[in-house]
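# Pasting the sequence and the predicted coordinates here, then a few questions.
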Amino acid sequence: MSKDIVIPGYLLGEDINGGDGTFKEGNRVYSAVYGIAKRVNNKIEVISLKGKYNPKKGDLLIGIVTDITFSMWILDINSPYYGFLHLSDYTKKIEKEDMSKEIGIGETVIAKVKEIEMPIRINLTMNDNRCKIIRTGVVIDVSYAKIPDIIGKGGSTINLIKKKTNCDIYVAQNGRVWINGSDEMIKLAINIIKMVEKDGCFDNISEKITREIDKDGDR
Amino acid sequence: MEIDEKPERFIVDGLRLDGRKKDEIRPIKMEAGVMNRADGSCYIEWGNNKIIAAVYGPREVHPRHLQETYRAILRYRYNMASFAVDERRRPGPDRRSIEISKVSREAIEPVLMLEQYPRSSIDVFVEVLQADAGTRAAGITAASVALADAGIPMRNLVSAISVGKVDGEVVLDLNKIEDNFGDADMPVAMIVESGEVTLLQMDGIFTKNEFIEAMELAKRGCSQIYDIQRDCLISKYKKLDSD
Amino acid sequence: MSSEDILSEIRRDYIYRLVRNGERIDGRKFDEYREINIEIGPIERAEGSARVKLGTTDVLAGVKMQIGEPFPDTPDQGVIITNAELIPLASPTFEPGPPDENAIELARIVDRGIRSSNAIDLDKLCIDPGKEVWMVFIDLHILDHNGNLVDASSLAAIAALFNTKIPNTKFGIDKDDERLAINDIPIATTSTEIDNNFIFDPCLDEENAANVALTVIITSKGELCGMQKSGIGRIPVETLPNIIDSSINMGEKIRKILLKALENNITV
């Protein structure tokens, strides 16, 4: 599969639609970021190789509580901005005084982006049955740009890793992955995810994963 | 080659003291993504300059009152290590580095899409580990690559180089002796593709015609620098690929 | 220079509309300066001084001289130290405290013009090589900031230097004070870009409406002896020769105004 690596200011084409990571001048579309250009039909977008996660409404995130004020948990969500989780958006009704008992500073949660107030304040909610406090397993950071690769078409890649490692794996939109299982298997899962993160664009990724796992199993 | 006195002549038989032609740049090595913690980074060796540029952000602004409602703020800190020059310099910002930080920030800002990250900051740190003339141009060149490496949305790269005058002749990319004892020094940063100047300073003496010649040389120099920046970013990806 | 001044959107639009029609808010031509008023020697206690008004922009330059050690790399040369203070009196956006980047940039541009043009003969300021030299302190006080501090300050600095007497008697060097020898008259000319036009001597609103300013400093011979692009805007390369031509032109005119002020001062 051919990959078009482009740098900011690179002319992607004329009279086409520019998606994420592009900007337009007249009828010309240029790359706004350093990354991989992908063209689908009459639309071109550039997936940044690094870059920070930009929150979108409805995204499920893994956040780490950095502060508790008044009636808010303030979460590091691996983005340019903190996420704010209000008491009333917690999974159940609790008193202000009990906030730190429920989720303390340094604890990890899966939360959903409830809304984004402009100019910019990220409000989170845990009122969604997929949201919860994470107290087991491990969370790793990956490049958020590689998340589609880690998930794979229709979840194929991640499901393969889950099956082969027997781990519970949750890939959050903000470039954080939660892995739960035996320590041995977690280690293996991390290695594979890191490999996919690095080589994610290859077509034969599933073969590679299988080989990696079998190799590990042989040892 | 260390000379601390003004040489009799800077150009002998058409060649400069370091063997370069008048329009020739010094050797440049550049590598992107050299640092682990930073969101983006670039190391540059340009002649004997050794400079690291690192980018953090977009991130929350501290102190908070500096944040701007509808755009990110760009901060740029040019700093020189105390051991970067012959005579130990006192650590910390001096007037020269404060001015360089300001004009460098203004050289880079025109290409950044700061409006995409309201209330945040993008911080650029340029550390001159060893100085050999042209540090601000090298710093801007590296910072531009580090910003791209960090995935910051930008309209283009900014490329920079210094031009000057020695023995009454306009030369590209001054070395240390030419910088110390030459007749003029003009650092220039440009968006090569659009031909727009984003940094322009000059000290020394130029006639108008010399200035025009110098600008022409700077333009060609920046275009060479741009190619090196582009290759540096593209080759970083290729390296990742082949691992 | 002071980017913190907030200009209302409608005023900015107005300035742009005017420029598009070849006009400016105060009716000047694009390359026309405001009235220049130079007062020579207002501060008697200083070795030299001058106050320059560029329209309502008001800058006072004072020169003090002291004996000090030369820099190790120039043992037989005097020392120039230029400093600018954007004191809170001059603008609501100036804050007390150590010089910020705008003040430092301003001082360094003024310094650059004087140094590059060799306006002061530093060799003549050596008293005892390696040990004692004259130190020339040029201090710029901004009294009223209504735009284009660079040109006003540069003019005030060179005017003050013309007025400077080396205080030989005060320091027991000689029985007479003597005039500081001036070799050149560098003139700074600044323009800002509005709607692709470069307009000279911007007033504060024009300065705030623009994204970029370019200072070009011109020697008596019409050479360039210093440049600085300031601000986040971009300058198309091909516009530079025209700006330089205007600068050379303007520099000549302003130099004449200074010479006239000096002449009048001597006769008074």
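Alright, I've got the coordinates. Numbers count the residues shown, from 1 in each chain, chains lettered A, B, ... in the order given.
# per the record, what domains does chain A have?
A:5-48, A:60-134, A:138-217 (automatic domain parsing).
# Of all the ones you listed, which one comes closest to residue C:220?
When the domains of chain A are compared for distance to residue C:220 using CB to CB, the nearest one is domain A:5-48, at 43.0 Å. Bear in mind the C-beta positions are built from the backbone N, C-alpha and C, glycine included.
# Average pLDDT for that closest one, rounded please.
Averaging pLDDT along domain A:5-48 gives 92.
# quick one: that domain near chain C?
No - no part of domain A:5-48 sits near chain C under the criterion CB under 8 Å from any CB of the partner chain; the closest distance found is 13.4 Å.
# Any part of that domain near chain B?
Yes - Domain A:5-48 comes into contact with chain B (CB under 8 Å from any CB), by way of A:5, A:7, A:8, A:9, A:21, A:23, A:30, A:32, A:33, A:34, A:35, A:48.
# For the first one, give me its contacts.
To tie it back to what came earlier, the one meant is residue A:5. Neighbour list for residue A:5: A:35, A:36, A:37, B:233, B:234, B:237, B:238 [criterion: CB atoms under 8 Å, 6 or more residues apart in numbering or on different chains].
# Could you measure from it over to chain C?
Separation of residue A:5 from chain C (CB to the nearest CB, to the nearest Å): 27 Å.
# from what I can see residue B:207 touches residue C:224, true?
Yes - counting by CB atoms under 8 Å, residue B:207 does reach residue C:224; the two are 7.3 Å apart.
# ok and the residue in chain A nearest chain B?
residue A:51 (2.4 Å; CB to the nearest CB).
# what's stretch A:64-71 in contact with?
So stretch A:64-71 is in contact with A:73-76, A:82, A:86-88, A:96, A:99-100, A:103-109, going by CB under 8 Å, 6+ apart.
# Check those for burial and list the buried ones.
By neighbour count, with 16 or more other CB atoms under 10 Å in any protein chain shown, the contacts of stretch A:64-71 hold A:73, A:74, A:75, A:76, A:82, A:87, A:99, A:103, A:107, A:108, A:109 as buried.
# how many neighbours does the closest residue to chain C within chain A have?
Distance from chain C to each residue of chain A (CB to the nearest CB) is smallest for residue A:9, at 13.4 Å. Residue A:9 sits with 21 neighbouring residues when counted by other CB atoms under 10 Å in any protein chain shown.
# now residue C:167
Residue C:167 has 17 nearby residues by other CB under 10 Å.
# same deal with residue B:235?
14.
# show me the contacts for it.
Residue B:235 neighbours (CB under 8 Å, 6+ apart): none.
# Can I take it that it is in a strand?
No - per DSSP: H, G, I helix; E, B strand; the rest coil, residue B:235 lies outside any strand segment and is helix.
# if we can go back for a sec, might one say that the residue of chain A closest to chain C is in contact with residue B:158?
No - using CB under 8 Å, residue A:9 is not in contact with residue B:158, being 10.0 Å away.
# between those two, what contacts are shared?
B:111, B:191.
# what ranges do the strands span in the stretch 1-150 of chain C?
C:36-40, C:48-54, C:57-68, C:79-85, C:126-128, C:132-144 (DSSP state E, counting those that start in this stretch).
# Could you do chain B as well?
Counting by DSSP state E, chain B has strands at residues B:11-12, B:15-16, B:28-32, B:40-46, B:49-60, B:73-80, B:120-130, B:159-166, B:169-172, B:184-191, B:196-206.
# How far does the fifth one sit from its chain's centre?
Which is strand B:49-60. 13 Å (CA atoms, centre = their mean, to the nearest Å).
# Could you pull out the buried residues of it?
B:49, B:50, B:51, B:52, B:53, B:54, B:55, B:56, B:57, B:58, B:59.
# who touches the longest helix seen in chain A?
Longest helix in chain A, counting residues (DSSP state H): helix A:183-199. With contact meaning CB under 8 Å, 6+ apart, helix A:183-199 is reached by A:137-138, A:140, A:142-143, A:146, A:149-150, A:157, A:161, A:164-167, A:169, A:177, A:179-181, A:205, A:208-209, A:212-213, A:216, B:240-241, B:243.
# What's the first helix or strand after it?
Remark: after helix A:183-199, the chain's next helix or strand is helix A:205-218, criterion DSSP states H and E.
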